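Q: below: sequence and its predicted model.
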Amino acid sequence: MIYTVTFNPSLDYIVGVDDFRLGATNRTSYEQMLAGGKGINVSYVLKNLGFESTAFGFLAGFVGEEIRRKVAADGIHADFLTLSEGVSRINVKLKNIDGTEINGMGPDIAADQVSALREKINQLKAGDILVLAGSIPQSMPDTIYMDIMADLQDKGVEIAVDATRDLLMNVLPYRPFLIKPNNHELGEIFGVELKKREEVIPYAKKLQEMGAKNVLVSMAGEGAVLIDENGREYMSPVPKGKVVNAVGAGDSMVAGFIAGYLEKKDYEYAFHMGIASGSASAFSEQLATRAEVEALLKTIHSAG
């Protein structure tokens, strides 16, 4: 079974505004409201690709109830914990203004509530896959992903981590199955600027040396790089297409990689599935569907 964790779920309010002007009243020309958060996005794309998962996370207030309603209506299995105080966040995403976003803070999560979620996660068994994705509320320690992995260390659970800075670096000694920084996040870790696929490889290998089994680096329009646990290097440009909505593209790449690996236990195929899934979401108003992914998959050829 696959499980995803989103500590800070959101209601994503995606809007288009023609001729946006600062300091003036602007009116939307396009609106879309989706249940969001990186782990939830992964669950959506996994379902579209034919893989069921269970979404864990915290919900609060009227926004939380709307997230719960949308997730259930879309057929995503979830096991959310409800907070007695606060309100889940609303993220405003201006789709036609260079990817500008305004992300909410989300509710505070008390230690006993974190413990309750960890108890659920500790029920996972050998062969299960856990996806830890996204930011955490300010009230939580940045060791939380590491703490969860320590709990599961000897249980045979494969764990994918899509996070930044300390959230990511702290987990490396626990040998995550997959990590997916983008090139900017990878560059921040090592204090360098990485623009080309070839430049990414030595730094991705450093993260592998620090413990990660598979390192998948997304690079937006530049494509992606994978260093698999056998030391093989894969590089690929992004498929041709028009970017319509980049929200969830990175999460879709994680879902595609996991789905591809489960289908064939082949890292090159998983890599291509990840690229096709991320691109399919970026080229669509919605998250990637199986048909969209398969169409793009035919166009992808590894350069490494």
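A: Received it, and whenever you're ready, just let me know what you need. Numbers count the residues shown, from 1 in each chain.
Q: residue contacts, the most centrally placed residue in the chain?
A: In the chain, the residue lying closest to the centroid (Cα atoms, centre = their mean) is Asp251, at 3.1 Å. Counting by Cβ atoms under 8 Å, 6 or more residues apart in numbering, Asp251 makes contact with 38-39, 41-42, 45, 133, 162, 281. For glycine as for every other residue, the C-beta is placed from the backbone atoms N, C-alpha and C.
Q: got the domain ranges for this structure?
A: For the chain, automatic domain parsing gives the domain ranges 1-174, 177-304.
Q: could I get these as a markdown table with mean pLDDT?
A: Output for the domains of the chain, formatted as a markdown table (pLDDT from 0 to 100):
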| stretch | mean pLDDT |
| --- | --- |
| domain 1-174 | 93 |
| domain 177-304 | 91 |
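Q: which SSE is the residue nearest to the centre of the chain in?
A: Assigning secondary structure by DSSP states H and E places Asp251 in helix 249-264.
Q: mind listing what's buried in that helix?
A: 249-262 (16 or more other Cβ atoms under 10 Å).
Q: in a markdown table, list those along with distance to Asn230.
A: Shown next, in a markdown table, are the buried residues of helix 249-264 (distance: Cβ to Cβ, whole Å):
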| residue | distance to Asn230 |
| --- | --- |
| Ala249 | 27 |
| Gly250 | 24 |
| Asp251 | 26 |
| Ser252 | 25 |
| Met253 | 20 |
| Val254 | 20 |
| Ala255 | 22 |
| Gly256 | 20 |
| Phe257 | 15 |
| Ile258 | 18 |
| Ala259 | 20 |
| Gly260 | 16 |
| Tyr261 | 13 |
| Leu262 | 18 |
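Q: of all those, which two lie farthest apart?
A: By the measure Cβ to Cβ, the buried residues of helix 249-264 have their two most distant members at Ala249 and Leu262, which lie 20.5 Å apart.
Q: re the thing from before, closest one of the buried residues of helix 249-264 to Lys70?
A: Asp251 (16.1 Å).
Q: that older thread, from the domains of the chain, which stretch is densest packed?
A: Ranked by mean neighbour count, the domains of the chain are led by domain 177-304 with a mean of 20 (mean count of other Cβ atoms under 10 Å).
Q: how far out from the middle of the chain is it?
A: In terms of Cα atoms, centre = their mean, to the nearest Å, the centre of domain 177-304 is set 12 Å apart from its chain centre.
Q: could you do stretch 166-185 as well?
A: With Cα atoms, centre = their mean, you get 12 Å for stretch 166-185.
Q: end to end, how far does it reach?
A: One end of stretch 166-185 sits 11 Å from the other (Cα to Cα, to the nearest Å).
Q: please apply the same query to stretch 106-124.
A: End-to-end span of stretch 106-124 (Cα to Cα): 27 Å.
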